[in-house]
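Novice: here you go, sequence then predicted model.
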Amino acid sequence: MGLDAKIPEGPLAEKWSKHKFNLKLVNPANKRKYDVIVVGTGLAGGAAAASLAELGYNVKAFCFQDSPRRAHSIAAQGGINAAKNYQNDGDSVYRLFYDTIKGGDYRAREGNVYRLAEVSVNIIDQCVAQGVPFAREYGGLLDNRSFGGSQVSRTFYARGQTGQQLLLGAYSALNRQIHLGKVKMYTRTEMLDVVTIDGHAKGIVTRNLITGAVETHSGHAVLLATGGYGNVFYLSTNAIGSNVTAAWRAHKRGAFFANPCYTQIHPTCIPVSGDHQSKLTLMSESLRNDGRVWAPKTVEVAEKLRKKELTADQVKEDDRDYFLERKYPSFGNLVPRDVASRNAKEMVDDGRGVGGSGFAVFLDFADAIHRLGKDAVAAKYGNLFDMYYQITDEDPYKQPMRIYPAVHYTMGGLWVDYNLSTNVPGLYALGECNFSDHGANRLGASALMQGLADGYFVIPYTLGDYLATIGPKPVDTKHPAFEQTKQDVIARINKLLALKGTKTVNEYHRDLGHIMWEYCGMARTEEGLTKAKGLIQALRADFWKNAKVVGENEEVNPALEKAGRVADFLELGELMVDDALARRESCGGHFRLESQTPEGEALRDDEHFAYVAAWEYKGDNQPEVMNKETLDFEFVHLTQRSYK
Amino acid sequence: MEHNNMNLTLKVWRQKNADTKGAFVTYKAEGISPDMSFLEMLDVVNESLILKGDEPIHFDHDCREGICGMCSLYINGHPHGPKNAITTCQLHMRTFHDGEIIVIEPWRAAAFPVVKDLAVDRSAFDRIQQAGGFVSVNTGVTIDANAIPIPKVIADEAFNSATCIGCGACVAACKNASAMLFVSAKVTQLGLLPQGQTERYSRVQAMVAQMDEEGFGNCTNTGACEAECPKEIKMTNISRMNNDYFSAKLFREEATHEHASGE
């Protein structure tokens, strides 16, 4: 099947303006005749729900948490990019576009990425107007810092809590619309399926997480803003509740899943301390502005550090290898995430890892503290240092942080066209749950930008075009498709509750995570992936025989919730492996050992793999079919990415 | 490094739902690593309960890095446990000692009914924010962000108030179950910033009215909220809110009607 991304013709800088003019409008008096369902209330969902309600649509918004303010966007630390060029350091919309395309290793669409860069400036204006307290300079103007993969300072931030402040901004806009009656908010409600009628998305089936009631909701369009699927790895920086279920259910109803193997492994996370660990904690990329990454030069010194015969500050300057500064003099510690992660792994593989387990390198602030003073460092990163101290019981002002890569973000997701529409008409995907803008590697501070761009500035335009086309005829939940889908959901719940085996769902999740991390993590091979596919299939079969799910449906039952989510991860995991197997090149976060440059960098194969792989579901336990969307580069010349 | 494992006794509040009576149930938590977080310790207990066919202890949690505000728990008489300036998910077992008895309760406040076991319904907080915790501005404003310079000290002060995570520890800590610290943090954030001035006096009245309607108690200046707040929100926020509230009531009647009617 050919995939039409619907990228407008014309010069890059005019595509979005022209497209906005060509999109159909719904007149103000008719907007109130349309119902729009928004699932997820993070930056993308919260911003979309608020903005669409402001326009006059009736919005129903859903989240599984107890409040829309809890969505995991809240945990983003470092910042949000925007091409404001307030620093007069050479930034521009084109440069942000270029950095993002290059950072994504030339596996994103030019048209989408340019639009993202274009609206980035509006996002900052919007957030400031809402009262988001961004960091400021003494003159009262907004401050910026640098992030990886760029040589300008274009990142806006609110201490180490930028995601929190932006989300609370979107939450406040959403609250205003709830107060005005334009948004009906459903909390502690999990979406478990999409209802389609004649091929169009017309509603969803949900489970009330307090009463267990399975309910149907209708709308003229369904917007999924349900985040990423990093928790397929069990250990990630995602929230415990983050899951793929909404997106996966949509996939099984016909929506293509694009580039599932593109996973971002973030270089600076607190290392795993033991088997009990339930999640990993990120240390913001902004720390690499002032922190220097190093490992011991020799295995002998590393060995002494691991055995605690030596502390990090006792290691002589000559015995340290500041490997990022050494290998990438232009970008130094601020190389993109995929590059930084792979290099940390190389150090560990080389026997030069530190910490008790040997799975860590250092992020050292001694120079910054010497240069700027402890107070200045604390003002910039205080909350991150505190967080590190809490978790590790080590004072990062005195000893360097120990860091190691961890799963953080998923660039893959539901396939969408330029309008953010999936291939199922009426079904849209926004934010991390779509695949569109980051290619094979996302640059730091670009997730917040994309979530808010999609929610505030893209979907309010593109959705109207679809709604104007289908007309405002009400959608009735009495249509048999609703009852049928509801019965499917109930049958699945009963199937899960009937599992009375001997192994907890959490154990299956952990086992799946080990397989994914080992074979579909930072380095992938044909052999390993093939093995992983078999292991996942066996694990999934075992799950449906031997898992143990307690309790009943008609109550608060987190065991049941978790079982449904893990069952979906067990299917998604196999698709990620299929995708990684099919992509026999390296690009961005997808590193195939068979495809590397003599220096060990990711070696792309543009001739054969400059496409988006959009996977089509073909039924339970059937192989999925790959549809290709060719990536055309009209404006950017494809080169081997270099940060040297 | 799983060493010095601890054995603990937990006295946990179990309650099937809002309509049934709850009670403390005693559990053993064995082989607990000091590097575990408090919630990871509960995970271990829950895994063993599930394997026995019992229902796991229910508690709210999500990000597990101290920012989403979803986790709660009243531990040994303190919201978020004995340490200052952290949430329960950031509390590590090294804070406790081998053999210790740990009492775990839900937030207790009439306005926060128990959902199940240790989880409570904090939707009252959302309704207070819906009543006025926003600046009435639609998506699409075009003035440049730097057209509104804000002195750094003001921006920093507003930020300090804005760090509230809405967990409800302030209410749980307060003998009156007052929500004044929570409400005043938002009132102060927006009241300090130029963007929030237009609705400053209507906002404070709308939010306070909703707070009262939800059944939260009054502030009697004990300071337990400030002492227990995981984000160290200061009581000066309450002073600012009172100031704005009285000012609105006494002198600004005309500016107080129909907050955010939207028309």
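Specialist: Received, thanks.

Novice: closest residue of chain A to chain B?
Specialist: Residue nearest to chain B within chain A: A:Gly140 (3.2 Å; CB to the nearest CB). For glycine as for every other residue, the C-beta is placed from the backbone atoms N, C-alpha and C.

Novice: number of residues surrounding that residue?
Specialist: Neighbours of A:Gly140 under the rule other CB atoms under 10 Å in any protein chain shown: 15.

Novice: which SS state does the residue most central in space within chain A fall under?
Specialist: Centrality entry for chain A: nearest residue to the mean C-alpha point is A:Tyr409, 3.7 Å, by CA atoms, centre = their mean. Judged by DSSP: H, G, I helix; E, B strand; the rest coil, the three-state class of A:Tyr409 is strand.

Novice: check contacts around it.
Specialist: By CB atoms under 8 Å, 6 or more residues apart in numbering or on different chains, the contact set of A:Tyr409 is A:228, A:230, A:263-264, A:266, A:432, A:442, A:447.

Novice: 6 Å instead, please
Specialist: A:Tyr409 is in contact with A:228, A:264, A:442, counting by CB atoms under 6 Å, 6 or more residues apart in numbering or on different chains.

Novice: need the phi and psi values for the residue of chain A positioned farthest from its centre.
Specialist: Ranked by distance from the centre of chain A (CA atoms, centre = their mean), the top residue is A:Glu309, with 39.8 Å. Main-chain torsions, A:Glu309, degrees, to the nearest 10: phi -80, psi -10.

Novice: now do A:Cys269
Specialist: With angles defined as degrees, to the nearest 10, A:Cys269 sits at phi -120, psi 160.

Novice: quick check: it touching A:Ala406?
Specialist: Yes: checked against CB atoms under 6 Å, the pair A:Cys269 and A:Ala406 is within contact range at 3.7 Å.

Novice: would you say the residue of chain A closest to chain B is within a helix?
Specialist: No: according to three-state DSSP, A:Gly140 belongs to no helix; its state is coil.

Novice: from what I can see it touches B:Pro151, true?
Specialist: Yes: counting by CB under 6 Å, B:Pro151 is a contact partner of A:Gly140 at 5.4 Å.

Novice: so where do the helices sit in the stretch 201-350 of chain A?
Specialist: Ranges of helices in the stretch 201-350 of chain A, per DSSP state H, counting those that start in this stretch, are A:245-252, A:299-306, A:323-327, A:337-349.

Novice: report the next helix or strand after the last one in sequence order.
Specialist: Meaning helix A:337-349. On the C-terminal side of helix A:337-349, the nearest following helix or strand under DSSP states H and E is strand A:361-364.

Novice: list of residues touching that following strand?
Specialist: Here strand A:361-364 has contacts from A:291-295, A:312, A:344, A:347, A:400-401, A:403, using CB under 6 Å, 6+ apart.

Novice: so which of these sit within strands?
Specialist: Residues from the contacts of strand A:361-364 lying in strands, with DSSP state E as the criterion: A:292-295, A:401, A:403.

Novice: whichever of the residues you listed end up buried, select them in ChimeraX.
Specialist: The following ChimeraX line selects those of the ones in strands among the contacts of strand A:361-364 that are buried, judged by 16 or more other CB atoms under 10 Å in any protein chain shown:
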select /A:292,293,294,295,401,403
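
Novice: now for the ones in strands among the contacts of strand A:361-364: which two are most distant?
Specialist: Maximum pairwise distance among the ones in strands among the contacts of strand A:361-364 (CB to CB): 13.1 Å, between A:Ala295 and A:Met401.

Novice: ok, the residue lying closest to A:Ala170 once chain neighbours are set aside - contacts?
Specialist: Once flanking residues are discounted, A:Ala170 sits nearest to A:Gly46: 3.7 Å by CB to CB, 6 or more residues apart in numbering or on different chains. Neighbouring residues of A:Gly46 by CB under 6 Å, 6+ apart: A:170-171, A:174.

Novice: what about A:Gly46, which SS state?
Specialist: helix.

Novice: got the residues of the stretch 1-150 of chain B near chain A?
Specialist: B:1-2, B:33, B:35-36, B:40, B:43, B:47, B:50, B:55, B:58, B:62-65, B:67-68, B:70, B:86, B:90, B:116, B:126, B:129-130, B:133-135, B:137-139, B:141, B:145-146, B:149-150 (CB under 6 Å from any CB of the partner chain).

Novice: ok, of these, which come out buried?
Specialist: Neighbour-count burial (16+ other CB under 10 Å) applied to the residues of the stretch 1-150 of chain B next to chain A gives B:33, B:35-36, B:40, B:43, B:50, B:55, B:58, B:62-65, B:67-68, B:70, B:86, B:90, B:116, B:126, B:129-130, B:133-135, B:137, B:139, B:145-146, B:150.

Novice: in helices only, show me those.
Specialist: B:40, B:43, B:50, B:126, B:129-130 (DSSP state H).

Novice: may I see those organised as JSON lines, with pLDDT added?
Specialist: Below are those laid out as JSON lines (pLDDT from 0 to 100):
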{"residue": "B:Glu40", "pLDDT": "97"}
{"residue": "B:Asp43", "pLDDT": "97"}
{"residue": "B:Ile50", "pLDDT": "95"}
{"residue": "B:Asp126", "pLDDT": "98"}
{"residue": "B:Gln129", "pLDDT": "98"}
{"residue": "B:Gln130", "pLDDT": "98"}
